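> could you work out the structure for the sequence below:
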Amino acid sequence: MSDWQLKTPVAFIIFNRPDTTERVFAEIAKARPAKLLVIADGPRENRHGEVEKCAAARAIVELVDWDCEVLTNFSDKNMGCRERVSSGIDWVFKQVPEAIILEDDCLPDPTFFRFCQELLEFYRDDQRISMISGVNLQLGKRRNDDSYYFSKFGHIWGWASWRDRWAESYDVTMAKWPLIRDGNWLPDMIGSVHEATYWHKIFERVHRGEIDTWDYQWVFANWLEGRISVIPALNMVSNIGFAANATHTTKYSNLANLARASIAFPLKHPLGVFKNIQADQFCDRNFIRIALIKRIINWIVGWVR
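Below you'll find the predicted structure:
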């Protein structure tokens, strides 16, 4: 990779964890992007020490010591995950036509950046593709020698996409959800009646504003457009943010601190653009629609730790 250069802008979403922010920033610094766009939420009221923690996290990105244009989108007040991340990504794609996006707890393997850049270029004009993910949840299972496969799931712990995919379909309010819900179109969108039962509950809660998040809306937007995602053959990003001070990932999980692997170049492309059904079923069964008993066990383990 000595002759390779990262030309794709990197967007970095931070908040109140300077420890994880520093680790992820160190990997970004190794990649030396020419443009770095930083999104930060403001401290919450009545949270002791959060003003200082937010300031410390923001100070880390001031350590850029390579030739790099740094753009910042910092909020003085706390907007919450839903509004801060969605508006931040809106801002990113008003500045640049495509970007690699990392949150402050998503630690990438060095090859992640090249993987994203090459596939952003390769699929730039292919509207079937929604995004490039750096996360693989197959637990080491590989079905062929390809460098990646296609999935209906878009994992966002380290990902990349294009302005036209985001700006032309993403809606944080999910205004089209009632039409899909009332027309009973969700099973057709997903391709599974059983999975639709789970996602119906999720989308309904998101539409009502009961879940402070932005990413389920991105899933909905891509399914509505019939788009699929690129998933690497090996996991390239580890979530290091499962802790009591996290926004959402506060409990023990088998998704925490997954091992990272490097992807070899040149990339080996799949024979065609079609979903890997077996991989999607494995992901759904083991990580998405987790059985109630498994959720209870995870909660108990997290509580006693």
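
> can you give me the neighbour number for residue 258?
Residues lying near residue 258 (other C-beta atoms under 10 Å) number 20. Glycine gets a C-beta too; all of them are placed from N, C-alpha and C.

> then residue 19?
16.

> so what's residue 25 up against?
Going by C-beta atoms under 8 Å, 6 or more residues apart in numbering, residue 25 touches 12, 60, 61, 63.

> try it again at 6 Å.
When contacts are counted by C-beta atoms under 6 Å, 6 or more residues apart in numbering, residue 25 touches residue 60.

> same check on residue 3?
No contacts exist for residue 3 under C-beta under 6 Å, 6+ apart.

> cool, and residue 17?
Neighbours of residue 17 in contact, by C-beta under 6 Å, 6+ apart: residue 104.

> backbone dihedrals for it, both of them.
phi -120, psi 80 (degrees, to the nearest 10).

> end-to-end on stretch 169-184?
Stretch 169-184 stretches 20 Å from its first residue to its last (C-alpha to C-alpha, to the nearest Å).

> mind listing the helices for the stretch 201-305 of the chain?
215-225, 277-283, 292-304 (DSSP state H, counting those that start in this stretch).

> any idea which of those scores lowest on pLDDT?
Here the lowest mean pLDDT among these goes to helix 292-304, at a mean of 44.

> show the pLDDT at residue 285.
89.

> give me the neighbour count for it.
Neighbour number of residue 285 under other C-beta under 10 Å is 11.

> and it, how far from residue 231?
According to C-beta to C-beta, to the nearest Å, residue 285 stands 16 Å off from residue 231.

> repeat for residue 32
26 Å.

> again, but for residue 192
From residue 192 across to residue 231, the span is 18 Å (C-beta to C-beta).

> give me the more crowded residue out of these two.
Under the criterion of other C-beta under 10 Å, the comparison of residue 192 against residue 231 puts residue 231 first, with 27 against 18.

> who's in contact with the more buried one?
Going by C-beta under 6 Å, 6+ apart, residue 231 touches 133, 136, 148, 149, 151.

> what lies in contact with the helix or strand hosting residue 82?
In this structure, residue 82 is located in helix 80-95 according to DSSP states H and E. Helix 80-95 is touched from outside by 11, 37, 39, 41, 73, 99, 163, 166-167, 172, 212-214, 247, with contacts defined as C-beta under 6 Å, 6+ apart.

> quick one: it to helix 215-225, angle?
Here helix 80-95 runs at an angle of 50 degrees relative to helix 215-225 (axes from the mean of the first three to the mean of the last three C-alpha atoms, to 10 degrees).

> pLDDT weak spots in the chain?
The chain contains residues with pLDDT under 70 at 1-2, 243-253, 290-305.

> now do the strands in it.
10-14, 35-40, 69-74, 98-103, 106-108, 129-133, 148-151, 159-162, 228-232, 237-239 (DSSP state E).

> for the second one, what is the distance to the chain centroid?
A distance of 15 Å separates the centroid of the chain from that of strand 35-40, by C-alpha atoms, centre = their mean, to the nearest Å.

> from the contact counts, what lies against that strand?
Judged by 3 or more C-beta pairs under 6 Å, 6 or more residues apart in numbering; DSSP states H and E, strand 35-40 is in contact with strand 10-14, strand 69-74.
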